[in-house]
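*Asks:* sharing a model prediction with you, sequence too.
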Amino acid sequence: AQSVAQPEDQVNVAEGNPLTVKCTYSVSGNPYLFWYVQYPNRGLQFLLKYITGDNLVKGSYGFEAEFNKSQTSFHLKKPSALVSDSALYFCAVRPSLAGGGNKLTFGTGTQLKVEL
Amino acid sequence: SQTIHQWPATLVQPVGSPLSLECTVEGTSNPNLYWYRQAAGRGLQLLFYSVGIGQISSEVPQNLSASRPQDRQFILSSKKLLLSDSGFYLCAWSRSSGIISYNEQFFGPGTRLTVL
C-alpha cells in the first residue's frame, strides 16, 4: 500500500525568503505525485503534479516541486514566499498502475506560515 | 469549464438525526467522484468513491452511505448521526480514462457538519 509522509507539521518563513515544504512517499512502481493547498474553511486547490519527464515541475502561484526518485521525495518550493502563501499544504501520491478509481493517498498536511 | 458544487455549506444537526449532503459537477461527463472527511483541519480520509452511476466503493466501515443517482451527482447520507460524524466533508471529482488515469482531483468548497 502507498503512503505519504510530511514530516513537518508547521513551517515558518519570512516573507521574501525561499520556502520548502517536504514530502516523501512510498509506492509500488512509479508514482504519480500531487501538491494541493487549502485555505481555512475551503476545499483543496490543485497546485501541481508529477507524472513523468522533467523532474522539476512548475505549478500555480510560482510554486514548483522536484521529484527525486532515489530519495523518494517530492518537495514543494517557492523562491520568494508571500504572506498570502500561508495555508495548509498537502502532498498526495498514487501508483501509476493503480486499479480503477484514481484514488489518491494524502499526507497529513503541513501548515505554512509566512511572516512579515 | 468544470465546476463542483456542494451544499449546504454548514450544517448543525442533533445526534440521531438523518443526513444528506449533495455534490454536483458541471462541465464534464462520467467523472470519478469522491467523498472525503477532514477532521480537526488536517488529514483527509477517503470515505467513498464512484466510477459510474450506481457504482459505489466504500473505503471504511462507518455510519455513512453514498449514492450516485445521476452521472454528475454524488450524495452522502446517514440514517442516524453520531457525535463522531462531525467534521468537514469534501467532495471531489477527477476525469476518468478507462481504468488507468493520472488526472488530478478537483475539490468542492466543503460542508462543515457539527453534530450536537
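*Replies:* Good, I have the coordinates.

*Asks:* now A:Gln10: how far from A:Asn41?
*Replies:* 19 Å (C-beta to C-beta, to the nearest Å). For the C-beta atoms, the positions are set from N, CA and C on the backbone; glycine is no exception.

*Asks:* an error on my part: the question was meant for A:Glu66.
*Replies:* Separation of A:Glu66 from A:Asn41 (C-beta to C-beta): 31 Å.

*Asks:* the two: who's more crowded?
*Replies:* Taking other C-beta atoms under 10 Å in any protein chain shown, A:Glu66 and A:Asn41 do not tie; A:Glu66 has more neighbours (16 against 12).

*Asks:* residues near the nearest residue to that one once chain neighbours are set aside, how many?
*Replies:* Nearest residue to A:Glu66 in three dimensions, chain neighbours excluded: A:Leu56, at 5.3 Å (C-beta to C-beta, 6 or more residues apart in numbering or on different chains). Using other C-beta under 10 Å, A:Leu56 has 11 neighbouring residues.

*Asks:* which residues of chain A lie near chain B?
*Replies:* A:32, A:34, A:36, A:40-46, A:49, A:51, A:88, A:90, A:94, A:96-104, A:106-109 (C-beta under 8 Å from any C-beta of the partner chain).

*Asks:* out of the residues you listed, which are buried?
*Replies:* Buried subset of these (neighbour count, 16 or more other C-beta atoms under 10 Å in any protein chain shown): A:32, A:34, A:36, A:42-44, A:46, A:49, A:88, A:90, A:94, A:98, A:100-104, A:106-107, A:109.

*Asks:* name the nearest residue to the residue of chain A at minimum distance from chain B, ignoring sequence neighbours.
*Replies:* The minimum distance from chain A to chain B, using C-beta to the nearest C-beta, falls at A:Gly43 (3.7 Å). Leaving aside its chain neighbours, A:Gly43 sits nearest to B:Phe107 (3.7 Å; criterion: C-beta to C-beta, 6+ apart).

*Asks:* repeat for B:Arg112
*Replies:* Nearest to B:Arg112 is B:Thr10, by C-beta to C-beta, 6+ apart, at 4.6 Å.

*Asks:* which residues touch A:Gln2?
*Replies:* By C-beta atoms under 8 Å, 6 or more residues apart in numbering or on different chains, A:Gln2 lies in contact with A:25-28, A:31, A:93-95, A:105.

*Asks:* give me the pLDDT value at it.
*Replies:* Looking at A:Gln2, its pLDDT is 86.

*Asks:* check the gap between it and A:Ser26 for me.
*Replies:* Taken as C-beta to C-beta, the span from A:Gln2 to A:Ser26 is 6 Å.
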